[in-house]
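In: Structure for this input, please:
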Amino acid sequence: MKSLTSLWSVLAADAADTCCTSALRDINTVSERVKHEGESFLTISLPSLGKSTQKWIDSGEVGINSAFARDRGGRLPRFLGGFFCRVFDRDSGLLLDEPCVASIRAIRQLTLFFGKIELACSPARMTQAIKNYLECEHEVRLFDTELSESDLREFTQMSNMLYGRVFDRVDRDVYYGRLVPKHGPGSTSDGLLGNGKFRQSTWTERLESAGVAAGEHLLPNWRFYRQLEDVHFVEPGSELPVKVCLVPKTMKTPRVIAMEPTCMMYVQQALNRCLLESIKRDDFLSKIIGFDDQVPNNDLARRGSIDTRTATLDLSDASDRVSNQLVRAMLQRWPNFGAAVEAARSRRATLPDGSTTRLAKFASMGSALCFPMEALVFTTLIFMGIQRSLNTSLCRRDLRVFSDSVRIFGDDLIVPTDHVLRVVESLEHFGAKVGSDKSFWTGKFRESCGREYFNGEDVSIVRCRQALPTQLQDATEVQSAVSLRNQLFWSGYWKTCRWLDEQLRELFRGRFPVVESTSSVLGRESTLSYQSEREHPQLRSPLVRGYYSESKPPADKLEGAGALLKCLQKLDTDVFLRGQAPWRPSDTVPVETQVTNLRDKPPEVSANHLERFGRPKSTSIKLGWRSPF
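Out: Numbers count the residues shown, from 1 in each chain. Below you'll find the predicted structure:
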């Protein structure tokens, strides 16, 4: 397939037609600069202009971006000048009274299109990412020492008022042993994968002393108590650290994550599930804190772009800046929950160069408790800022007034504009870092959870996530290219879609049919109906011939006590979510019989997860007959 530059050129011409302008000079500029600067121009320089433009729209005036020259005699950038002059005044640089929304969307689309493409960073940028990780750790320690007793007392009082009822329920669940742990398919620092995690033989003394006993969580029942003889109980100083690693994010910087030891992640998942269920049952917190639904954030951001009553804030390095000192202060009144959280937290991290550092942060991205705990800490700091802005003490009843103007989803925060300055002050006083280039409250531009709005109009864009494929074996790139094509179609970039259609038809050897979005076939979505090529011989339903992706979890057979434990956890998860009592195994029925019986239960526990489990190692693209819907 053609290069990313060709794709950008077609997209620019498409956007120019929509906005009744020309992009010919812009296309030439991009071609020349890519020749001299490489793809970093598309993935780093252009996105920096896009971020600057968002701030200019929010502030109502064009500023300076050093990577792009201004138009001679004016204040607008020469690059994309045909679009900018429809948004800002050419002479004064001020935002027009009625800027062209289509041009705002086009500028964002053309500048941010490749901003989050997953390409490998240079070694220097990867080294800098680890350096920033250590500097962030140092700053967390510094903020810990600078917080006064009155700061911590105010923080604790606010968190107690917000989460008292929630933590009461979780504390009881921990005390009475109602935790339902689980293993996920991801990697761990001790190298256990898939079903092998159910044969883990390591537990920590900290978990045992916190009341999270190995016998209650590693065994199907106490009939298998002799297996505890093979469990190695690790002292605090000998615990395996988390493993810090880098994964692709953007060409500017990789994402820093940390792989937890198996036993730690096992317990973190149990505490996370218990905490989230308790929050969902709270009639106030469930309205302001989200964990699995971003739509409320999107709706509130759209409303804020119209009435400017709410501001959207984005935090930089949010996970790595949540201090463990704040989490301990938040949980100090709940000894069982607090002890379990502290015991499930890794204290040290191993860096890519093999060195080890002790952690002052609560947890890096990768811990199952990272996301919920950072949301609880940020919520507390937001209401502390509002309380300081109002200059009065708030009670829980007073907080309900803000249920339609405060919303937290991880590090995406929405707060009342009237109190935003004190909220920002509160967040930064306790160590958070508000990203100035992605926080908006001055004008009518708002962004939250991947959606952007200007004066109520959706100006969200389509992003290219992967490099364009060159062969069918590039399964990830092929799937991404098809998804990109269909997103562009529904966004109105039809000329770009036609260009991609030509490239994909050549790649698919002409097999690129029209399908519905729910089809497994890698095909074109359209306002036109699909064309059936044949009927299923038994079902008499329509079929089309096309390429589809296929991936299977790796073969990983699990038998015996580990298989029974996994089935029971799946069954316990189902009844836990329904509020029922967990199902308990029999001490007299043979384990093989119990496993067989559990296979015959509803679909939640009847899949072939005892034969295959874990993340697929590869994905293949195959040609065949499949349903078009």
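
In: Phi and psi next, for the residue nearest to Phe409 when sequence neighbours are not counted.
Out: The spatially closest residue to Phe409, leaving aside those adjacent along the chain, is Gly290, at 4.4 Å (Cβ to Cβ, 6 or more residues apart in numbering). The way it works is simple: take the backbone N, C-alpha and C, and place the C-beta from them, glycine included. Per-residue torsions, Gly290: phi -120, psi 150 (degrees, to the nearest 10).

In: can you tell me which residues contact Gly290?
Out: Pro296, Asn297, Arg407, Ile408, Phe409 (Cβ atoms under 8 Å, 6 or more residues apart in numbering).

In: and the last one, what does it touch?
Out: With contact taken as Cβ under 8 Å, 6+ apart, Phe409 is in contact with Ile289, Gly290, Phe291, Gln294, Asn297, Ala375, Ser448, Cys449.

In: what's Tyr547 in contact with, if anything?
Out: Tyr547 makes contact with Leu472, Val478, Phe508, Arg511, Val521, Leu522, Ile621, Lys622, Leu623, according to Cβ under 8 Å, 6+ apart.

In: Where neighbours are concerned, which of those has the most?
Out: Most neighbours among the contacts of Tyr547, by other Cβ atoms under 10 Å: Val521, with 27 neighbours.

In: so that one touches Tyr548, yeah?
Out: Yes: the criterion here is Cβ atoms under 8 Å, and Val521 meets it with Tyr548 at 5.4 Å.

In: Would you mind listing the residues touching both of these two?
Out: With Cβ under 8 Å, 6+ apart, Val521 and Tyr548 have common neighbours Arg626.

In: In stretch 466-480, which residues are buried?
Out: Of all the residues in stretch 466-480, those buried under the rule 16 or more other Cβ atoms under 10 Å are Gln466, Ala467, Leu468, Pro469, Leu472, Asp474, Ala475, Glu477, Val478, Gln479, Ser480.

In: of these, closest to Leu110?
Out: Leu468 (17.2 Å; Cβ to Cβ).

In: my guess is the closest one meets Trp8, correct?
Out: No: with contact taken as Cβ under 8 Å, Leu468 and Trp8 are classed as non-touching, separated by 11.3 Å.

In: And the helices in the stretch 501-629 of the chain, which stretches?
Out: For the stretch 501-629 of the chain, the helices defined by DSSP state H, counting those that start in this stretch occupy 560-577, 591-599.

In: centroid residue for this structure?
Out: A centroid search over the chain (Cα atoms, centre = their mean) returns Gly410, at 8.5 Å, as the residue closest to the centre.

In: Next up, the contacts around that residue.
Out: Taking Cβ under 8 Å, 6+ apart, we find Gly410 in contact with Ala318, Phe371, Glu374, Ala375.

In: Let's see the pLDDT reported for the first one.
Out: Read it as Ala318. On the pLDDT scale, Ala318 is placed at 91.

In: Not counting its neighbours along the chain, what's nearest it?
Out: Counting by Cβ to Cβ, 6+ apart, Asp411 is the residue found nearest to Ala318 once chain neighbours are left out, at 3.4 Å.

In: same deal with the second one?
Out: Counting by Cβ to Cβ, 6+ apart, Gly410 is the residue found nearest to Phe371 once chain neighbours are left out, at 5.7 Å.

In: Report the two of the contacts of Tyr547 separated the most.
Out: Across these (Cβ to Cβ), the longest gap, 14.2 Å, separates Leu472 and Val521.

In: Val424 and Arg302, how far apart?
Out: Computed as Cβ to Cβ, to the nearest Å, the Val424 to Arg302 distance reads 22 Å.

In: now Leu543
Out: 41 Å.

In: just the contacts of Gly410 now: which is nearest Glu216?
Out: Glu216 lies nearest to Phe371 out of these, by Cβ to Cβ, at 25.6 Å.

In: and that closest one, what does it touch?
Out: Phe291, Ser319, Gly410.

In: Map the structural domains onto the sequence of the protein.
Out: Domain ranges of the chain: 4-115, 123-190+240-454, 475-554+621-626, per automatic domain parsing.

In: Mind putting these into CSV with distance to Glu611?
Out: Converted to CSV, the domains of the chain look like this (distance: least, Cβ to Cβ, whole Å):
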stretch, distance to Glu611
domain 4-115, 41
domain 123-190+240-454, 14
domain 475-554+621-626, 9
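
In: got a list of what Ile414 touches?
Out: 297, 300-301, 304, 310-313, 405-408, 448.

In: ok, now with 6 Å
Out: Going by Cβ atoms under 6 Å, 6 or more residues apart in numbering, Ile414 touches Leu300, Thr310, Thr312, Arg407, Ser448.

In: Reduced to three states, what does Asn486 come out as?
Out: helix (DSSP: H, G, I helix; E, B strand; the rest coil).

In: What are the phi and psi values at the residue nearest to it when sequence neighbours are not counted?
Out: Among residues not flanking Asn486 along the chain, Glu525 sits closest, at 4.3 Å (Cβ to Cβ, 6+ apart). Phi and psi for Glu525, reported as degrees, to the nearest 10, are phi -90, psi 140.

In: Surely Glu525 touches Leu484?
Out: No: contact criterion Cβ atoms under 6 Å: Glu525 and Leu484 do not qualify, at 11.7 Å.

In: Report the helix or strand with the lowest average pLDDT across this protein.
Out: Between all helices and strands in the chain, the lowest mean by mean pLDDT, DSSP states H and E belongs to helix 591-599, at a mean of 46.
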